[in-house]
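Peer 1: Provided below for reference: sequence and predicted model.
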Amino acid sequence: MNKQAVLDSLDFRAFYRGLIPSLTGESQGSGRCPFHEDQRASLSVNLDSGLWRCHAGCGEGNAIGFYMRMKGVDFKTALRELGEITGLKKGAYAQMKEVKAVYDYKDENGALLYQVVRYEPKDFRPRHRGPNESWIYDLQGVRRVPYNLPELVNANGAVLVEGEKDANNLKALGYAGNTAVTTSQGGAKAWKPEYADYFLSKQVAIIPDNDRPGLEYAETVARSLQGKASVIRIVELPGLGERKEKQGLDVSDWIELKRKEGRTDREIKGELARLIKETPAWEPKEDSPQKEYSGLVMLDTVTPESISWLWEGRIPLGKLSLIDGDPGLGKSTVTLDLVARVSREDSMPDGSPGVSGGAVLLTLEDGLADTIVPRLKAAGADLSRIASLQAVHDKDGKPRLPTVEDIEAIKISCHKVQAKIVVIDPLMAHLDGRTNSFRDQDIRRALTPLAQLADEIGVAVVVVRHLNKASGGQAIYRGGGSIGIAGQARCTHLVAKDPEDEGRRIFAGIKNNLAPMPPSLSFSLEGVDGASRIVWGGISSHGADALLAIPSSPEERTALDEAKDFLKDLLANGPVDSRRAQKEAKAAGITDVTLRRARKALNINAEKQGFKGGWAWVLPEDAQEVPKMLIQNDEHLRGQMSTFAQNEPVTVLAVIE
């Protein structure tokens with residue numbers, strides 16, 4: 001078993017992030033050490049070299065040592081298991097792969113950008129220098145260029161081949177002169193459109209391999225160079241036999257064939273020059289000037305469709321929705337309330353029509369037997385229509401926890417129960433080790449397939465997320481992880497405490513891309529046989545931004561309450577000039593910051609008073625204090641707005657003043 005072969009094959013970023021969920025950072029990562037009860041992120045990992053160190057004294061070493069300690073295995077077992085992870089064959093352990101060649105890719109001035117290493121058995125791996133001069137075996141963040149770029153810059157023409165070896169063989173043949181020999185690092189998929197800019201006004205000869213992929217490569221490059229290169233030729237070398245499906249002969253093979261015929265290198269160079277000169281210039285075929293792409297959709301062929309809703313104006317079908325909030329406020333119970341309504345085809349909390357269907361739950365924080373099922377029963381759910389995806393199986397048949405990227409498993413589960421809603425609670429527990437929740441591109445890679453599945457089968461995907469530790473600011477930025485999470489969701493909601501009543505909660509809209517923002521709703525939690533369920537109240541005047549702007553300390557809360565009382569008294573009889581209101585607030589000892597918070601909490605807007613009038617503050621009709629107690633006979637509320645609502649929606653609440 002060879003240690004270096006395993007280390008060379010490991011993707012250190014994916015390796016460490018898969019084992020350390022708390023790990024953050026790009027080149028130099030940090031996170032909580034798994035070898036002791038770490039609350040201070042004592043572990044440092046160099047994600048370029050794979051070396052780690054615990055600053056609390058647990059130790060240090062390379063990735064193999066980390067794996068041995070993490071898994072409790074010996075060195076030999078660690079090599080074998082890591083070899084399986086990286087896909088190395090058993091023979092690779094016996095000895096390190098033999099390096100056959102190293103190809104330097106340089107910029108216009110000859111400075112090294114990266115290398116491609118060729119191994120035997122045939123394999124290619126790109127690498128570039130890291131900050132500590134160690135080799136990093138990927139090209140993440142590295143500029144890509146054609147091979148032999150410094151020669152290409154000053155040449156009048158170029159010969160494009162499919163591999164670095166072919167390019168070097170042509171140069172060794174002496175076929176360089178004014179013609180730069182370059183390569184796209186192999187194959188049509190490796191060609192980048194921006195490479196074409198290096199061939200402006202140059203005569204280009206493309207010599208593909210003698211197989212179908214070679215022909216595809218030649219056509220791809222020719223189309224890319226069209227309008228930039230002065231002349232484009234696709235040269236077919238004689239004597240290589242019929243064009244194969246793959247792994248056909250190339251220009252290096254052609255040179256060797258000619259040498260075996262007794263031809264000198266000078267003669268071979270002359271014959272190649274003649275073949276290039278006699279090849280007619282390439283032109284796109286008139287019957288198929290451009291390749292058609294199935295992903296291109298002409299918008300005049302699209303039939304407009306209206307949005308379908310699980311909950312009108314709040315939770316769309318076929319889309320992702322997000323529910324944010326601090327722990328312990330009832331986010332999960334809200335989702336189970338919606339699941340129960342869907343399972344029994346009940347109306348939604350605001351009285352809007354519901355839908356009928358099943359539900360799939362991905363939940364890791366709460367137990368099924370002691371929490372999920374009791375809450376669903378308390379909510380009146382039809383449990384026969386609800387399933388929980390608890391595990392999926394890897395390629396070896398071993399069970400593991402599901403993630404948002406297990407699209408096929410989620411899809412099969414949805415078909416099993418004819419689901420109309422999928423709940424993922426919480427999101428961060430269902431991201432795999434490769435996904436950095438604070439990196440936008442990672443989040444979009446993880447959530448885009450889920451959004452596509454929602455659209456494909458017409459299911460509402462509701463994702464639950466905790467808030468970050470920031471305070472104040474707009475609610476859209478308060479959810480944990482990347483802003484890309486909220487960007488992926490079409491509708492985002494907040495569950496927060498009602499500042500007027502510690503026992504009440506507010507369900508408020510943060511973002512809605514599909515409909516006008518609906519009014520906030522209040523609700524409370526009540527116990528039923530040891531489980532909790534939602535009791536919905538009426539409309540609330542509290543918006544998401546205001547709820548998260550409310551200070552948490554008693555002193556600040558008292559100042560805010562005083563400011564709100566001041567504004568309600570001042571504006572009770574109608575609009576008041578904004579300058580007067582600010583002046584009187586200052587005289588009452590209310591700071592500008594507290595005054596702004598109070599205005600936001602009460603949703604007080606400034607309105608223009610006539611064409612020549614100034615701006616005045618106006619108290620909304622729904623900004624009056626919500627009483628601590630409803631009238632004793634509140635059965636009309638429970639019957640129409642509760643978990644078991646069956647009647648028409650309530651439009652007026654009778655309250656005690």
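Peer 2: Received, thanks.

Peer 1: List phi and psi for residue 206.
Peer 2: When read as degrees, to the nearest 10, the backbone of residue 206 gives phi -100, psi 120.

Peer 1: show me what contacts it?
Peer 2: Going by Cβ atoms under 8 Å, 6 or more residues apart in numbering, residue 206 touches 159-160, 217-218, 221-222, 232-235, 282. Quick note: C-beta positions are derived from backbone N, CA and C, even for glycine.

Peer 1: Looking at pLDDT only, which of those scores worst?
Peer 2: Of all these, residue 217 carries the smallest pLDDT score, 86.

Peer 1: What's the separation between it and residue 162?
Peer 2: Noted for residue 217: a distance of 6 Å to residue 162, by Cβ to Cβ, to the nearest Å.

Peer 1: for residue 584, same thing?
Peer 2: Distance from residue 584 to residue 162, by Cβ to Cβ: 80 Å.

Peer 1: More neighbours: which of these two?
Peer 2: More neighbours surround residue 162 than the other of residue 584 and residue 162, with 27 against 14 (other Cβ atoms under 10 Å).

Peer 1: I'd guessed the more buried one sits against residue 216; true?
Peer 2: No: counting by Cβ atoms under 8 Å, residue 162 sits too far from residue 216 to count as a contact (10.8 Å).

Peer 1: in the stretch 201-350 of the chain, what spans have low per-residue confidence?
Peer 2: 242-247, 286-295 (pLDDT under 70).

Peer 1: Residue most distant from the centroid, this structure?
Peer 2: Most distant residue from the mean C-alpha position of the chain: residue 262, 59.4 Å away (Cα atoms, centre = their mean).

Peer 1: sorry, back to before: okay, the contacts of residue 206 in a markdown table with secondary structure, distance to residue 315 and neighbour count next?
Peer 2: Compiled in a markdown table, the contacts of residue 206 are given as follows (DSSP: H, G, I helix; E, B strand; the rest coil; distance: Cβ to Cβ, whole Å; neighbours: other Cβ atoms under 10 Å):
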| residue | secondary structure | distance to residue 315 | neighbour count |
| --- | --- | --- | --- |
| 159 | strand | 60 | 26 |
| 160 | strand | 54 | 30 |
| 217 | helix | 48 | 25 |
| 218 | helix | 52 | 23 |
| 221 | helix | 49 | 25 |
| 222 | helix | 51 | 19 |
| 232 | strand | 55 | 25 |
| 233 | strand | 59 | 22 |
| 234 | strand | 55 | 21 |
| 235 | coil | 60 | 19 |
| 282 | coil | 55 | 21 |
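
Peer 1: Nearest to residue 195 among these?
Peer 2: Among the contacts of residue 206, residue 221 lies closest to residue 195 (Cβ to Cβ), at 8.3 Å.

Peer 1: Can you say which helix or strand has residue 510 in it?
Peer 2: When elements are assigned from DSSP states H and E, residue 510 belongs to strand 501-512.

Peer 1: ditto for residue 66
Peer 2: helix 63-71.

Peer 1: burial measure for residue 193, as a count.
Peer 2: Using other Cβ under 10 Å as the criterion, the residues surrounding residue 193 number 10.

Peer 1: I'd assumed residue 224 was in contact with it.
Peer 2: Yes: using Cβ under 8 Å, residue 193 makes contact with residue 224 at a distance of 5.5 Å.

Peer 1: Just send the contacts of residue 206 back as JSON lines, with distance to residue 484 too.
Peer 2: Below are those laid out as JSON lines (distance: Cβ to Cβ, whole Å):
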{"residue": "159", "distance to residue 484": "44"}
{"residue": "160", "distance to residue 484": "38"}
{"residue": "217", "distance to residue 484": "35"}
{"residue": "218", "distance to residue 484": "39"}
{"residue": "221", "distance to residue 484": "35"}
{"residue": "222", "distance to residue 484": "38"}
{"residue": "232", "distance to residue 484": "41"}
{"residue": "233", "distance to residue 484": "46"}
{"residue": "234", "distance to residue 484": "43"}
{"residue": "235", "distance to residue 484": "47"}
{"residue": "282", "distance to residue 484": "43"}
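
Peer 1: Please enumerate the strands of the stretch 201-350 of the chain.
Peer 2: 203-206, 231-234, 309-311, 315-316, 320-325 (DSSP state E, counting those that start in this stretch).

Peer 1: what does the stretch 551-657 of the chain give?
Peer 2: Here the stretch 551-657 of the chain has its strands, by DSSP E, counting those that start in this stretch, at 576-577, 605-608, 615-618.

Peer 1: Now do the same contact list for the residue sitting nearest the centre point of the chain.
Peer 2: Taking Cα atoms, centre = their mean, the centroid of the chain lies closest to residue 443, which sits 1.6 Å from it. The contact partners of residue 443, taken as Cβ under 8 Å, 6+ apart, are 435, 437, 481-482, 484-485, 488.

Peer 1: Show me the domain layout of this protein.
Peer 2: If you go by automatic domain parsing, the domain ranges for the chain are 3-95, 146-278, 315-547, 551-623.

Peer 1: outside of stretch 459-468, which residues touch it?
Peer 2: Under Cβ under 8 Å, 6+ apart, the answer for stretch 459-468 is 310, 315-327, 331-332, 335, 338, 414, 419-428, 450-451, 453-454, 478-481, 485, 489, 548.

Peer 1: go on, stretch 20-35?
Peer 2: So stretch 20-35 is contacted by 16-17, 19, 38-48, 54, 56, 58-59, 69-70, 130-131, 433, 436, 438 (Cβ under 8 Å, 6+ apart).

Peer 1: Show the end-to-end separation of that stretch, please.
Peer 2: In stretch 20-35, first residue to last residue: 11 Å (Cα to Cα, to the nearest Å).

Peer 1: Over to stretch 206-218?
Peer 2: End to end - Cα to Cα - stretch 206-218 spans 6 Å.

Peer 1: what's the offset of it from the middle of its chain?
Peer 2: How far stretch 206-218 lies from its chain's middle: 36 Å, per Cα atoms, centre = their mean, to the nearest Å.

Peer 1: Next, the contact list for residue 336, please.
Peer 2: Counting by Cβ under 8 Å, 6+ apart, residue 336 has contacts 372, 375-376, 379, 381, 423.

Peer 1: Residue 103: what's it in contact with?
Peer 2: Counted by Cβ under 8 Å, 6+ apart, residue 103 has contacts 115-118, 147, 164, 168.

Peer 1: can you give me the helices for the stretch 51-200 of the chain?
Peer 2: 63-71, 75-86, 91-94, 149-153, 164-173 (DSSP state H, counting those that start in this stretch).

Peer 1: With the stretch 351-500 of the chain instead?
Peer 2: 373-378, 407-417, 440-457, 483-488.

Peer 1: hmm, who's touching the last one?
Peer 2: Residues from elsewhere that reach helix 483-488 (Cβ under 8 Å, 6+ apart): 320, 322, 427, 437, 440-441, 443-444, 447-448, 451, 463, 465, 476-477, 479, 492, 510-511.
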